[in-house]
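**Q** Quick one: sequence plus predicted model below, questions after.
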Amino acid sequence: MAKILVLHGPNLNLLGKREPEVYGYLTLADINQKLQERARQVGLELDAKQSNEEGTLVTSIQQAEEAYSFIILNAAAYTHYSIAIRDAIAAVSVPVIEVHLSNVHAREEFRHQSVISPVVMGQVAGFGLDSYMGALEIAIRKLQAENKI
Ligand code: DQA
């Protein structure tokens with residue numbers, strides 16, 4: 001069975017109570033549940049992990065090689081400066097879809113740069129929950145086109 005890894009970076013464990021005017025009122029558990037429901041509908045296995053630590057995210061990306069067909073990654077603040085996460089993405093052959101709840105390009109200037117964007121398949125940003133759902137839909141369409149689901 002094809003598997004998808006959803007990786008959430010630092011502070012996303014606080015969703016629901018963290019700056020809700022920016023990130024909304026859904027918790028991380030809510031988001032993971034919606035993703036699970038959609039994955040199940042199409043016969044996909046989906047694992048979701050969150051870490052506040054750069055090294056843990058790097059290790060998860062490394063270990064995704066062979067095990068997962070896609071990674072949906074919200075690297076949170078690491079997006080803007082973690083060369084280690086960028087290098088991990090570049091080192092594996094698993095395609096990565098970058099997601100952000102908020103439209104990072106419409107926010108502070110330091111959020112306009114993503115050091116991971118050059119090594120991911122593409123970015124979905126600014127749609128809240130639907131950034132994740134949209135990324136999952138893209139992964140589903142690709143896997144269906146390849147007859148993997
Ligand atoms: C974020 C945007 C980042 O700039 C920020 O550091 C986050 C969340 C988003 O999902 O909108 O923690 O990745």
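**A** Sure, I can see it.
**Q** give the contact list for the residue nearest the centre of the chain.
**A** Centroid-nearest residue in the chain: residue 73, 2.0 Å away (criterion: CA atoms, centre = their mean). When the contact criterion is CB atoms under 8 Å, 6 or more residues apart in numbering, the partners of residue 73 are 6, 7, 9, 61, 89, 96, 97, 98, 99, 116, 120. All C-beta spots, glycine's among them, are computed from the backbone N, C-alpha and C.
**Q** Wasn't it part of a helix?
**A** No. Counting by DSSP: H, G, I helix; E, B strand; the rest coil, residue 73 falls outside a helix, being strand.
**Q** so what's it scoring on pLDDT?
**A** With respect to pLDDT, residue 73 scores 99.
**Q** count of residues packed around residue 149?
**A** Neighbour count for residue 149, taken as other CB atoms under 10 Å: 19.
**Q** now it, nearest residue through space, not along the chain?
**A** Using CB to CB, 6 or more residues apart in numbering and skipping residues adjacent in sequence, the residue nearest residue 149 is residue 143, 4.6 Å away.
**Q** distance of the one you found from residue 38?
**A** 13 Å (CB to CB, to the nearest Å).
**Q** what residues does the protein put near the ligand?
**A** Applying CB under 6 Å from any ligand atom, we find that the chain lies next to the ligand at 11, 74, 76, 77, 79, 100, 101, 102, 104, 111.
**Q** make it 5 Å
**A** For the chain, the residues in contact with the ligand (CB under 5 Å from any ligand atom) are 76, 77, 100, 101, 102, 111.
**Q** Next, the contact list for the fourth one, please.
**A** Listed by CB under 8 Å, 6+ apart, the contact set of residue 101 reads 15, 22, 23, 24, 74, 125, 126, 127, 128, 129, 131.
**Q** circling back to that earlier point, restricted to strands, list the residues of the chain next to the ligand.
**A** Per DSSP state E, strands hold the following members of the residues of the chain next to the ligand: residue 100.
**Q** Would you show me how to pick out the buried ones of the residues of the chain next to the ligand in ChimeraX?
**A** To isolate the buried subset of those in ChimeraX, counting by 16 or more other CB atoms under 10 Å, use the following:
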select :76,100,101,102,111
